[in-house]
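Chemist: Here is my input; please provide its structure:
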Amino acid sequence: MPQALERSEGCWAWVVLLASVVTQGLTLGFPTCIGIFFTELQREFQASNSETSWFPSILTAMLHAGGPLCSILVGRFGCRATMMLGGMLASLGMVAGSFCHTLGQLYLTAGFITGLGMCFSFQSSITVLGLYFTRWRVLANALASAGVSLGIMLWPLLSRYLLEELGWRGTFLIFGGVLLHCCVCGAVVRPVPASVTREAREGLPSPSKRPSRGCPAACGRAIRRHLAFDVLRDNVGYRVYSLGVVWMIMGFPLPHVFLVPYAVRHGVDEHKAALLISVIGFSNIFLRPMAGLVAGRREFAGHRKYLFSLAALLNGLTNLVCVASADFRVLVGYCLVYSVSMSGIGALLFQVLMDIVPMDRFSSALGLFTVLESISILISPPLAGLLLDAINDFSYVFYMSSFFLVSAALFMSGSFCVLGKKERQGPRAEAKGAIPAAAPEQGLAMEDTDSPEKQLRVEIMYVTSV
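Modeler: Sure, this is the predicted structure:
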């Protein structure tokens, strides 16, 4: 697996960052354009809101759920090969999807296969940043997430244009060619030099040296290596953060899927409705790096998880503005305000995880983290589609989104506050217990300074207490 070069933040690290920007724009930015095709796919397959919602939910869920498999491939073949394989799978899925005649076929091709390929490319690019950057890691993550903003801005515009010129089938075929650029980005990532140091390999999970007892034992070892259940068990902060993000994701993707159909339903022109998503993406181009710079400042280092909770809270409250009116100008204002909180979430999501989990376990922790995320992503849009089919009012979809985001933000901020107090109280209690224990030892040393045993024991007790 490609590791950080000897010169951290060297020239080639910024080339890798550029490749990560493009990769994240092609992969993470892509699902937001599916709303452009929502009404067209409904009409083509004569499907309900819930049935059509399964397509973006499967695509986005696989974009996250393939994390453990991606971790195995990265550990075995490296980031370069994994990113290139992801680009080929994503392209193959979209090309095959353009020939589908049922929604089930679309779920398998443009949903499952494309989502899995995007996962391989995107998660490899995230892992590479954690290895190539140390001092500027926060800024690198923020700049890379700005690629998502570029994708969010450009994919809907391209989708609307191609949909009118070629239809959804021709558009998917063109998308298959565009996603092949992930292979180019993967080729930029340099392989590990033959003289890589032993310290650089510490980030790789070492295979067990115990003799194998069969397939179940091998599967168990693979799960322990690539799904950080031990970190989930022992690290309370990781547990709180994972649960909070899983709950938050139940509401976070809903505006990306339903904003365009919501605007069209209320009389907004289709071109203007597609422009709303582009407004969010364009705003995030500038807001995400700014959020990364603010979060990267030394005085905010211990408060990034609270900033993330605040961004989730504002994101949930912003959805209530959208419910107030469906006028195009109001929706543009909503998108601008929504972009502020979305940029904070995007810039801090993986950085907070890096703060909570040691880097040598980050790859496996990210794998489990994204699998848990994918469960919410898979459930959320179809659940909102069922609600929409039952009530036939888009406003309740945004109420649902606000509920999950606000409650998750309150849970995470409250839990981290309690954990922070416990951590501060622990060292104080140890220090108070250490002071009375040190005094008798000092007296013992003064009584018999000629005894080397007692001097040695006093010295060891002092070091242990400190």
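Chemist: Report the residue spans of the chain with pLDDT below the cut-off.
Modeler: Within the chain, the stretches with pLDDT under 70 are 1-10, 142, 191-226, 426-466.
Chemist: What's the local residue count around Val128?
Modeler: Val128: 32 surrounding residues under other CB atoms under 10 Å. Quick note: C-beta positions are derived from backbone N, CA and C, even for glycine.
Chemist: How about the contacts made by it?
Modeler: By CB atoms under 8 Å, 6 or more residues apart in numbering, Val128 lies in contact with Pro2, Val16, Ser20, Cys79, Val189.
Chemist: Looking at those, which two lie furthest apart in space?
Modeler: Pro2 and Ser20 (12.3 Å; CB to CB).
Chemist: Looking at the two, which is more packed in?
Modeler: More crowded of Pro2 and Ser20, by other CB under 10 Å: Ser20, with 29 against 23.
Chemist: leaving aside the residues next to it on the chain, what's closest to that one?
Modeler: For Ser20, ignoring the flanking residues on the chain, the nearest one in space by CB to CB, 6 or more residues apart in numbering is Ser125 at 4.0 Å.
Chemist: For that neighbour, what is the enclosing helix or strand?
Modeler: helix 114-132 (DSSP states H and E).
Chemist: Report the backbone C-alpha coordinates of that helix in PDB.
Modeler: Provided in PDB are the C-alpha atoms of helix 114-132 (Å, rounded to 0.1, in the frame of the first residue of the first chain):
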ATOM      1  CA  THR A 114     -21.200   1.800 -10.000                       C
ATOM      2  CA  GLY A 115     -21.500   2.500  -6.300                       C
ATOM      3  CA  LEU A 116     -18.900  -0.200  -5.400                       C
ATOM      4  CA  GLY A 117     -16.500   1.200  -8.000                       C
ATOM      5  CA  MET A 118     -16.900   4.700  -6.700                       C
ATOM      6  CA  CYS A 119     -16.300   3.400  -3.200                       C
ATOM      7  CA  PHE A 120     -12.900   1.900  -4.200                       C
ATOM      8  CA  SER A 121     -11.800   5.100  -5.900                       C
ATOM      9  CA  PHE A 122     -13.000   7.500  -3.200                       C
ATOM     10  CA  GLN A 123     -11.900   5.700  -0.100                       C
ATOM     11  CA  SER A 124      -8.400   5.000  -1.600                       C
ATOM     12  CA  SER A 125      -8.100   8.700  -2.100                       C
ATOM     13  CA  ILE A 126      -9.000   9.400   1.500                       C
ATOM     14  CA  THR A 127      -6.500   6.900   2.800                       C
ATOM     15  CA  VAL A 128      -3.700   8.400   0.600                       C
ATOM     16  CA  LEU A 129      -4.300  11.800   2.100                       C
ATOM     17  CA  GLY A 130      -3.900  10.500   5.700                       C
ATOM     18  CA  LEU A 131      -0.500   9.000   4.700                       C
ATOM     19  CA  TYR A 132       1.000  11.800   2.600                       C
END
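Chemist: Name the residues of it that come out as buried.
Modeler: By neighbour count with 16 or more other CB atoms under 10 Å, helix 114-132 contains the buried residues 114-132.
Chemist: same check, this time on stretch 401-417
Modeler: Buried, per 16+ other CB under 10 Å, within stretch 401-417: 401-402, 404-409, 411-413, 415-416.
Chemist: and what of stretch 42-56?
Modeler: Gln42, Glu44, Phe45, Ala47, Asn49, Ser50, Glu51, Thr52, Ser53, Trp54, Phe55, Pro56.
Chemist: contacting residues around the nearest residue to Gly111 once chain neighbours are set aside?
Modeler: Using CB to CB, 6+ apart and skipping residues adjacent in sequence, the residue nearest Gly111 is Ile58, 3.7 Å away. Ile58 sits next to Tyr107, Gly111, Phe112, Gly115, Leu378 when contact means CB under 8 Å, 6+ apart.
Chemist: from the residues you listed, which single one is nearest Val245?
Modeler: Looking across the contacts of Ile58 and measuring by CB to CB, the closest to Val245 is Leu378, at 14.8 Å.
Chemist: OK, contacts around that closest one?
Modeler: Contact analysis of Leu378 by CB under 8 Å, 6+ apart lists Ser57, Ile58, Ala61, Ala65.
Chemist: Helix or strand: which one has it?
Modeler: helix 362-391.
Chemist: ok now that helix, how far from the chain's centre?
Modeler: 12 Å (CA atoms, centre = their mean, to the nearest Å).
Chemist: Where do the helices of the stretch 201-350 of the chain begin and end?
Modeler: Here the stretch 201-350 of the chain has its helices, by DSSP state H, counting those that start in this stretch, at 215-226, 229-234, 236-249, 254-265, 270-296, 304-324, 328-356.
Chemist: Now tell me what touches the second one from outside.
Modeler: When you say that, I think you mean helix 229-234. Helix 229-234 is contacted by residues Ile223, Arg224, Tyr238, Arg239, Ser242, Val357, Arg361, Ser364, Ala365, Leu368 when judged by CB under 8 Å, 6+ apart.
Chemist: can you tell me how far Ser71 sits from Val397?
Modeler: 34 Å (CB to CB, to the nearest Å).
Chemist: Also Thr32?
Modeler: Taken as CB to CB, the span from Thr32 to Val397 is 16 Å.
Chemist: One more: Met412?
Modeler: From Met412 to Val397 the distance is 23 Å (CB to CB).
Chemist: do Trp155 as well
Modeler: Taken as CB to CB, the span from Trp155 to Val397 is 21 Å.
Chemist: Which one's more surrounded, these two?
Modeler: Applying other CB under 10 Å to Trp155 and Val397 shows that Val397 carries more neighbours, namely 28 against 25.
Chemist: Secondary structure class of that one, three-state.
Modeler: Using DSSP: H, G, I helix; E, B strand; the rest coil, the secondary structure recorded for Val397 is helix.
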